[in-house]
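In: What would the 3D arrangement of this be:
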Amino acid sequence: MSVLMNFAMFPTDKGSSVSPYVSKITALIRSKGYKSQLSSMGTIVETDTLPQALAVIEESYALLESDCDRVYLTVNIDIQKNKSNRIESKIQSVEDKLTKKEF
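Out: A predicted model of the protein is given here:
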C-alpha cells in the first residue's frame, strides 16, 4: 500500500517567517526514513500505512505544541493498494506524457 500525504503545518503566532518550525517537522520526517519532498507550500510524504501517515501529523504537532499557541494544518491523503514509490512515479508519468506530447 502507498499512502501519499501532502500537508502543511506551521504556527500562526510566530511572525512572518516560520521556517524554523517547518525545519523541525522536516527533520522529523527525514529521521523516520520516509520518502518525502519539500515544496514551497507543503511537504509530500509517502508511508506504507494510514496510521504511519497520521502519526507523522501527530508527531509534527507535538513538536510545535509547547512553543506555539496556534497551529495551522492542511492535509490531503491519497491511499492506493498494491503500489509504492508514487512520489516519483506519478511525476514521471506526467513528464513522460509531456515529452511524448500525449495530451
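
In: Show me where the chain has its strands.
Out: 2-11, 35-38, 43-47, 71-80 (DSSP state E).

In: Compute the inter-axis angle for the last one and strand 2-11.
Out: Just to be clear, that refers to strand 71-80. Angle, strand 71-80 to strand 2-11, by axes from the mean of the first three to the mean of the last three C-alpha atoms, to 10 degrees: 170 degrees.

In: To residue 86, which of the strands of the chain lies closest?
Out: With C-beta to C-beta, the closest approach to residue 86 among the strands of the chain belongs to strand 2-11: 4.8 Å. To be clear about C-beta, it is placed using only N, CA and C from the backbone, and glycine gets the same treatment.

In: follow-up on the earlier one: nearest to residue 24, out of the strands of the chain?
Out: Smallest distance to residue 24 across the strands of the chain (C-beta to C-beta): 10.1 Å, for strand 2-11.

In: what sits against the residue nearest to residue 38 when sequence neighbours are not counted?
Out: Nearest non-adjacent residue to residue 38, counting by C-beta to C-beta, 6 or more residues apart in numbering: residue 26, 5.9 Å away. Neighbouring residues of residue 26 by C-beta atoms under 8 Å, 6 or more residues apart in numbering: 36, 38, 43.

In: what's across from the second one in the sheet?
Out: Beta-bridge partners recorded for residue 38 (DSSP bridges): residue 43.

In: Can you get me a residue count around it?
Out: Here the count is done by other C-beta atoms under 10 Å, and residue 38 has 15 residues near it.

In: what distance separates stretch 92-103 from the centre of its chain?
Out: Mean-position distance between stretch 92-103 and its chain equals 25 Å (C-alpha atoms, centre = their mean, to the nearest Å).
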